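Colleague: Starting from these lines, generate the structure:
(chains A and B)
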Amino acid sequence: MKSSWKPYLLTLIVLLILFPFIFMILLSLSSSWRFPDVLPGYFGFKNWVTILGSEAGLLQSFIISVVISLAVGIVSTFSGFLISRAVFYHKNKRILTLFAYFPYVLAPVVFGACLSYFFLKIGLFGSVTGVIVAQFLVAFPYALIFFGSFWNKKIRSYEDLVATLGGNSRQTFFKVLLPLAKSMLLICFFQTFLISWFEYGLTSIIGVGKVQTLTIKVFLFIKEANYYYGALSCCLLIFPPVVLLYFNKRYVFKNLV
Amino acid sequence: MKNKGSILGIVFFVLIGVVPFFAAFLYALGYSFGVLGILNDGFTTRFWEQVFISGEFLKSFGYSAVIALVSLALSIGGALWVTLKFRRELDKKFLSFMMYLPLAIPGVVAGFFMVQLFSKGGFFARIAFQLGWIEKTSQFPDLVNDSLAFGIIVTFITMLIPFFTLLFLNVYKNERIEELSILAQSLGANANQVTRRVFLPIILKKTGVLIALYFIFLLGAYEVPLILGQESPQMLSVLIIRETRQFDLSKISEGYVVAVIYTIVVSITAILLFLPKRKTAYEI
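Modeller: I've put the predicted structure just below:
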């Protein structure tokens, strides 16, 4: 391929990438878009004004999704960070890490289906707390594995150095480990936030339709064939990850290979 | 203090990371053998026999594996091509961000978007009508909920190509493939040899475990096949949820049989992938 074709191909790739975003925004602003019309009968902010009010409770779903994802992100990140230290400094760390991989590779929806009995028994079925706990069980192994690369010989040497200089474990944690892990903690929080934000299957099983996050709403609108509201929910679902990616894209692949 | 903290850490790890998985697995196992469950009255292998006699699980497993393999192969091929051809251009800030944008699209949205594009009343059907290629919606080919899983595969590919491209670009930089390629060329290798002997082996070796991991993720994918899949055969997760959540209580045990087999398969794969001693390059 001659290099002169590259700008055209790149433009095409950029247009293909932007197409779903533009299409979703346009669809969310449309109504009365019947076959075979290529353009919608109505184009304006009617759907947004209606839906962000009380009719479909979309604003409420957005808030529930934010609360759940923030809770899952924060708890998974900090517990993953603290517990991974014990796991990755353990003499049998390979076996222990392997145990963390089991729930990590299992489809969350299947995990949720097999766990639902226990959630029912402890009264967490169909509640926001139940969904947070269930998503935490999926996000925690990710966070734990994520911090595996942090607990290396260099960090261990820093800890030993602080101990030699008379620092206690509290000082080691707050003055050395936390500052060193700051960027990784941030990335892990974003990733676990997104795991929770994108989650549908597990939420639908443990939430049993009572906890209506944005992903659940999208499905409901698809079932109702209400594509305009569905597109609007999709816009709300995509917006936070785009913002997070903009600020953190350079870190996404940092610990992957 | 140090030991106390470590023991506490391991205890919490077992409670959060290990116990729920094994509790879920044992529950599914008990249900599949009739030990647990409302209508079950004791140990039986009846449900396991029924699952294998009906053949639905094997069909679903094969169907899921083929979809995952085809999607993965095409995505990796596409991503390798983009990496080879556009690696310098994708270094620019704007284009780099553009490649990251698709990562913000979850499976639910991707599935919904594909329905809007490829269904019989969708965007492309409208264009086909305006161009005079079709006169009614039924003449438009089945591209979603179809037997060849076209919609599912296209969705997976569009989600995976940007991810693998960014991954390969990352490896390309970290492994200094540019410098190695120049060295190979100065030693007399042509462009084709550089690609086959330097670029491909390094990239595929460094990302091999991650590619295998993505195969498992695709095998258990739920949202996309739920929206774009057909009634039968269904992908594994969709089949498991359909069987375990159905109103016919006598059939639920068969759903748990499939869940148990699926869990065993992915767990064995995880052991094969992560137990052999590897360097940190494979740790995610």
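
Colleague: Can I get stretch B:126-144 as PDB, trimmed to CA atoms?
Modeller: Below are the C-alpha coordinates for stretch B:126-144, written out as PDB (Å, rounded to 0.1, in the frame of the first residue of the first chain):
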ATOM      1  CA  ARG B 126     -33.200   2.100   5.100                       C
ATOM      2  CA  ILE B 127     -30.200   3.000   2.900                       C
ATOM      3  CA  ALA B 128     -30.800  -0.200   0.900                       C
ATOM      4  CA  PHE B 129     -34.400   0.800   0.400                       C
ATOM      5  CA  GLN B 130     -33.500   4.300  -0.700                       C
ATOM      6  CA  LEU B 131     -31.000   2.900  -3.200                       C
ATOM      7  CA  GLY B 132     -33.800   0.600  -4.500                       C
ATOM      8  CA  TRP B 133     -32.000  -2.600  -3.500                       C
ATOM      9  CA  ILE B 134     -34.900  -3.800  -1.400                       C
ATOM     10  CA  GLU B 135     -38.600  -3.100  -1.600                       C
ATOM     11  CA  LYS B 136     -39.700  -4.300   1.900                       C
ATOM     12  CA  THR B 137     -37.900  -5.100   5.100                       C
ATOM     13  CA  SER B 138     -38.100  -8.800   4.800                       C
ATOM     14  CA  GLN B 139     -35.800  -8.700   1.700                       C
ATOM     15  CA  PHE B 140     -33.000  -7.300   3.800                       C
ATOM     16  CA  PRO B 141     -30.600 -10.200   4.900                       C
ATOM     17  CA  ASP B 142     -30.700 -11.500   8.400                       C
ATOM     18  CA  LEU B 143     -27.700  -9.900  10.000                       C
ATOM     19  CA  VAL B 144     -28.800  -9.800  13.700                       C
END
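
Colleague: That one: which residues count as buried?
Modeller: B:126, B:128-129, B:134, B:137, B:140, B:143-144 (16 or more other C-beta atoms under 10 Å in any protein chain shown). Quick note: C-beta positions are derived from backbone N, CA and C, even for glycine.

Colleague: For chain A, tell me whether it is touching it.
Modeller: Yes: using C-beta under 8 Å from any C-beta of the partner chain, stretch B:126-144 reaches chain A at B:126-127, B:129-130, B:137.

Colleague: Please list the members of those that lie in strands.
Modeller: Among the residues of stretch B:126-144 next to chain A, DSSP state E puts none in strands.

Colleague: Can you check the distance spanned by stretch A:94-113, start to finish?
Modeller: 28 Å (C-alpha to C-alpha, to the nearest Å).

Colleague: how about it: buried residues?
Modeller: A:96-113.

Colleague: Out of the residues of stretch B:126-144 next to chain A, which is nearest to chain A?
Modeller: Comparing the residues of stretch B:126-144 next to chain A against chain A with C-beta to the nearest C-beta places residue B:129 closest, at 3.9 Å.

Colleague: Pull out the buried positions in the strand or helix carrying residue A:247.
Modeller: Following DSSP states H and E, one finds residue A:247 within helix A:227-248. Neighbour counts over helix A:227-248 (16+ other C-beta under 10 Å) mark A:227-238, A:240-241, A:244-245, A:248 as buried.

Colleague: who's in contact with stretch A:42-62?
Modeller: For stretch A:42-62, the external contacting residues (C-beta atoms under 8 Å, 6 or more residues apart in numbering or on different chains) are A:26, A:28-32, A:212-214, A:216-217, A:228-229, A:232-233, A:236.

Colleague: For chain A, which segments are assigned as helices?
Modeller: Under the criterion DSSP state H, chain A contains helices at A:6-28, A:46-51, A:58-88, A:93-105, A:108-121, A:128-146, A:153-164, A:169-171, A:178-198, A:201-207, A:214-223, A:227-248.

Colleague: Packing partners of the fifth one?
Modeller: With contacts defined as 3 or more C-beta pairs under 8 Å, 6 or more residues apart in numbering or on different chains; DSSP states H and E, the packing partners of helix A:108-121 are helix A:128-146, helix A:201-207, helix B:19-32, helix B:236-244, helix B:252-274.

Colleague: and it with helix B:252-274, angle?
Modeller: Angle between the axes of helix A:108-121 and helix B:252-274 is 120 degrees (criterion: axes from the mean of the first three to the mean of the last three C-alpha atoms, to 10 degrees).

Colleague: and helix A:108-121, how far from the chain's centre?
Modeller: 20 Å (C-alpha atoms, centre = their mean, to the nearest Å).

Colleague: Not counting its own residues, what contacts that helix?
Modeller: By C-beta under 8 Å, 6+ apart, the residues outside helix A:108-121 that reach it are A:103, A:125, A:130, A:133-134, A:137-138, A:199-202, A:204-206, B:20-21, B:23-25, B:27-28, B:220, B:222, B:237, B:240-241, B:244-245, B:255-256, B:259, B:262-263.

Colleague: Could I have the buried ones of the residues you listed as PyMOL selection syntax?
Modeller: In PyMOL, a selection of the buried entries from the contacts of helix A:108-121 looks like this (16+ other C-beta under 10 Å):
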select buried, (chain A and resi 103+125+130+133+134+137+138+199+200+201+202+204+205+206) or (chain B and resi 20+21+24+25+27+28+220+222+237+240+241+244+255+256+259+262+263)
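
Colleague: Name all residues that make contact with residue 230.
Modeller: If you meant another chain, say so; for now it's chain A. Per C-beta under 8 Å, 6+ apart, neighbours of residue A:230: A:218, A:221-222, B:112.

Colleague: wrong one, I was asking about chain B
Modeller: Listed by C-beta under 8 Å, 6+ apart, the contact partners of residue B:230 are B:145-147, B:149.

Colleague: tally of neighbours for residue 76?
Modeller: Since you didn't name a chain, this refers to chain A. 29 (other C-beta atoms under 10 Å in any protein chain shown).

Colleague: nope, chain B please
Modeller: So residue B:76, with other C-beta under 10 Å, has 21 neighbours.

Colleague: How much space separates residue B:205 from chain A?
Modeller: According to C-beta to the nearest C-beta, to the nearest Å, residue B:205 stands 10 Å off from chain A.

Colleague: Please identify the helix or strand for that residue.
Modeller: helix B:200-219.

Colleague: what helices or strands is that helix leaning on?
Modeller: Helix B:200-219 packs on helix A:93-105, helix B:56-86, helix B:150-174, helix B:177-186, helix B:252-274, going by 3+ C-beta pairs under 8 Å, 6+ apart.
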